[in-house]
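S.K.: Any chance you could fold what I've pasted below:
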Amino acid sequence: MRFTMTLNGKPVTFTWTKRKNQKRIIIRAEEPGAFKVSSPSHVRLATIKATIRKNTHVLKALPPQTDYKKTLLMPAALFLFGKRYPVHYEIGKKCVRLEDDHLKVVLPVLDETTVSKVLEAFLKQTLLDEIRTHNEAMTIHHPRMNLDALIFNTRYTKTRFGSCVAAKKRINLNLALVHYPVRFLHYVYAHEIVHLIHADHSHAFYRTLNELYPGHRVMRKELEAHHQAYARDIHTHI
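M.R.: Purely as a prediction, here's the structure:
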């Protein structure tokens, strides 16, 4: 649903989406004069508008959220687990390879669409390789967690760093984590595997998480601060 409001004397367009499992109202800037709003299914339009009016000063200063897909359109450099790598492009047989000090992309034809696809595939494989290796070590050190046969998926998401489908032993990870220092990926992993045992964020959940990752409270704050600085987004959570 789309609606328009006048804020500070200017018309502003809002695109509103209702989500059954969402717990709060989230507003994100798309571009100057346009915002996206998502909310729980039961929230009414009047409540949305009241929230917008109450937070007009915040919306005015809210920068557009980073579109990760666009950052893969022939980038000059990419961050991989916190380190910046210049990207070198060559014409030739398809290949994406991480060198000591740069990322090499070789394609028969260098165009933005193709480069974006191969870079996203490379980033996904990089994150999955790292988390599977980490999971193997955790399986050995924490056998009671029953971490063998876990399924890992990753893609860019706007609302979560990770999620867990306990019944299917599947962990979903935000591909944005491949750009951040690897400790953040390991922290999100720890948070999600605890959901294999505890479905909600109960006291029992945090007791178990504290056993696996004693510094989780500090790490959560560091991750949110890093994400805000990197992606200009204060809403992503786990």
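
S.K.: drop to CA atoms for contacts and neighbour counts, all remaining ones
M.R.: Noted.

S.K.: didn't N146 look like it was pressed against I140?
M.R.: No: counting by Cα atoms under 8 Å, N146 does not reach I140; the two are 9.9 Å apart.

S.K.: Any idea how far apart the tips of stretch 98-112 sit?
M.R.: 19 Å (Cα to Cα, to the nearest Å).

S.K.: Pull out the buried positions in that stretch.
M.R.: Within stretch 98-112, the residues that count as buried by 16 or more other Cα atoms under 10 Å are L103, K104, V105, V106, L107.

S.K.: distance between that stretch and the chain's centre?
M.R.: 24 Å (Cα atoms, centre = their mean, to the nearest Å).

S.K.: Need the residues that contact it.
M.R.: 73-74, 85-97, 115 (Cα atoms under 8 Å, 6 or more residues apart in numbering).

S.K.: Which parts of the chain are strands?
M.R.: 2-7, 10-19, 26-31, 34-40, 77-80, 83-91, 95-98, 103-107, 151-155, 162-165, 170-174 (DSSP state E).

S.K.: and the nearest residue to T208 once chain neighbours are set aside, how many residues sit next to it?
M.R.: Spatially, and ignoring its direct neighbours in sequence, T208 is nearest to V194 (6.8 Å; Cα to Cα, 6 or more residues apart in numbering). Residues near V194, counting by other Cα atoms under 10 Å, number 23.

S.K.: Tell me which residues touch V194, please.
M.R.: So V194 contacts F205, T208, L209 (Cα under 8 Å, 6+ apart).

S.K.: picking that back up, out of the strands of the chain, which gets nearest to L185?
M.R.: strand 170-174 (8.4 Å; Cα to Cα).

S.K.: just the angle between that closest one and strand 151-155, please?
M.R.: 20 degrees (axes from the mean of the first three to the mean of the last three Cα atoms, to 10 degrees).

S.K.: could we number from 648 for the rest of this?
M.R.: From this message on, residue numbering opens at 648, which makes the last subject strand 817-821.

S.K.: Which neighbouring elements make contact with strand 817-821?
M.R.: Applying 3 or more Cα pairs under 8 Å, 6 or more residues apart in numbering; DSSP states H and E, one finds that strand 817-821 contacts strand 798-802, strand 809-812, helix 829-841.

S.K.: In CSV, list these along with mean pLDDT and distance to Y715.
M.R.: Converted to CSV, the helices and strands packed on strand 817-821 look like this (pLDDT from 0 to 100; distance: least, Cα to Cα, whole Å):
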stretch, mean pLDDT, distance to Y715
strand 798-802, 97, 10
strand 809-812, 94, 16
helix 829-841, 97, 17
